[in-house]
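Trainee: Have a look; sequence and predicted model below, questions after that.
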Amino acid sequence: MSTRTVVTGIGVAAPNGLGTADYWAATVAGRSGIGPVSRFDADSYPVGLAGEVPGFVAEDHLPGRLLPQTDRMTRIALAVADWALADAGIRPADLPAYDMGVVTASASGGFEFGQKELQALWSKGSQYVSAYQSFAWFYAVNTGQISIRNGMKGPSGVVVSDQAGGLDALAQARRHIRKGTPLILSGGVDASLCPWGWVAQMAGGRLSTTRDPDRAYLPFDARAHGYVPGEGGALLVLEDEAAAHRRGARVLGEIAGYGATFDPAPGSGR
């Protein structure tokens with residue numbers, strides 16, 4: 001094994017593009033994915049804009065048996081994982097199961113699924129709650145479902161660190177590769193655009209209340225006044241450099257290092 005970690009595949013589902021090609025084209029053109037919430041009626045809330053992944057129909061990408069047991073978050077994650085592996089030229093069935101792992105990040109979990117089942121519990125009774133509620137809401141469910149679907153039995157895990165989670169997951173994946181695992185699928189996908197997820201984020205007091213999509217999210221700008229909730233994410237295929245070269249993989253880049261810090265405390269003046 002080498003000590004270098006390279007990127008050999010990318011899968012993306014974002015509010016401004018479904019699939020890596022559409023996402024990159026939108027990014028280069030500067031097209032935003034922010035717009036009015038459509039997944040539920042947000043008129044009565046002080047926040048009404050979000051970044052929703054457009055055109056994702058789970059039935060087009062996943063077998064029917066997975067649909068009753070998965071939240072929208074996990075359905076998107078499973079499709080994105082397929083795209084990343086295909087981009088890397090990886091057929092998981094052709095590789096030793098314990099040579100592949102999964103590390104994802106999560107900021108919420110399967111909130112939409114959980115809300116639906118809790119509503120059934122309160123309004124109808126426990127006998128109407130799906131047995132899949134036991135794991136479909138869980139913050140680690142993406143890692144579990146991706147690893148099961150692809151037979152990845154190597155080191156796996158989940159990182160929960162809010163907005164930094166996707167980067168932290170890549171750092172953790174790199175650590176596994178440096179310890180000897182040839183391939184880790186890593187990144188983060190979330191989707192909690194439902195009333196439960198909405199009020200949970202509103203409770204933090206940091207959401208943008210502007211209804212103008214062009215002014216709602218202005219990072220690194222003096223006019224910035226909050227963030228806009230979104231869904232989607234990206235997964236990368238990370239490999240040990242020597243293993244990638246042995247199979248003739250196309251190398252897109254290298255995870256050369258990693259560092260972390262903390263934002264100043266709110267109200268500190270910094």
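Mentor: Okay, I see it.

Trainee: Would you confirm that Ala107 contacts Asp162?
Mentor: Yes: Ala107 sits in contact with Asp162 when judged by C-beta atoms under 8 Å, with a separation of 5.4 Å. Quick note: C-beta positions are derived from backbone N, CA and C, even for glycine.

Trainee: Between the two, point out the one with more neighbours.
Mentor: Ala107 (19 against 11; other C-beta atoms under 10 Å).

Trainee: how close does that one get to Leu85?
Mentor: According to C-beta to C-beta, to the nearest Å, Ala107 stands 24 Å off from Leu85.

Trainee: Okay, helices next: where are they in the stretch 101-250 of the chain?
Mentor: In the stretch 101-250 of the chain, the segments counted as helices under DSSP state H, counting those that start in this stretch are 111-123, 133-136, 141-150, 165-178, 195-202, 241-246.

Trainee: Kindly reformat those helices as JSON lines and extend each row with distance to Asp71, mean neighbour count and mean pLDDT.
Mentor: Converted to JSON lines, those look like this (distance: least, C-beta to C-beta, whole Å; neighbours: other C-beta atoms under 10 Å; pLDDT from 0 to 100):
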{"stretch": "helix 111-123", "distance to Asp71": "4", "mean neighbour count": "17", "mean pLDDT": "94"}
{"stretch": "helix 133-136", "distance to Asp71": "5", "mean neighbour count": "18", "mean pLDDT": "92"}
{"stretch": "helix 141-150", "distance to Asp71": "7", "mean neighbour count": "22", "mean pLDDT": "97"}
{"stretch": "helix 165-178", "distance to Asp71": "17", "mean neighbour count": "21", "mean pLDDT": "95"}
{"stretch": "helix 195-202", "distance to Asp71": "11", "mean neighbour count": "18", "mean pLDDT": "93"}
{"stretch": "helix 241-246", "distance to Asp71": "32", "mean neighbour count": "16", "mean pLDDT": "95"}
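
Trainee: looking at those, which is closest to Gly30?
Mentor: Nearest to Gly30 among these is helix 165-178 (21.8 Å), distances taken as C-beta to C-beta.

Trainee: In CSV, list the C-alpha atoms belonging to the closest one.
Mentor: Provided in CSV are the C-alpha atoms of helix 165-178 (Å, rounded to 0.1, in the frame of the first residue of the first chain):
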residue,chain,number,x,y,z
GLY,A,165,-19.5,16.7,7.8
GLY,A,166,-18.8,16.0,4.2
LEU,A,167,-15.2,17.1,4.5
ASP,A,168,-14.7,15.4,7.9
ALA,A,169,-16.0,12.1,6.3
LEU,A,170,-13.4,12.4,3.6
ALA,A,171,-10.7,12.8,6.2
GLN,A,172,-11.9,9.7,8.1
ALA,A,173,-12.0,7.8,4.8
ARG,A,174,-8.4,8.8,4.1
ARG,A,175,-7.4,7.5,7.6
HIS,A,176,-8.9,4.1,6.7
ILE,A,177,-7.1,4.0,3.4
ARG,A,178,-3.8,4.9,5.1
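
Trainee: mind listing what's buried in stretch 234-243?
Mentor: Within stretch 234-243, the residues that qualify as buried are Ala234, Leu235, Leu236, Val237, Leu238, Glu239, Asp240, Glu241, Ala243, counting by 16 or more other C-beta atoms under 10 Å.

Trainee: how about Tyr45, what does it touch?
Mentor: With contact set as C-beta atoms under 8 Å, 6 or more residues apart in numbering, Tyr45 has these partners: Trp198, Val199, Met202.
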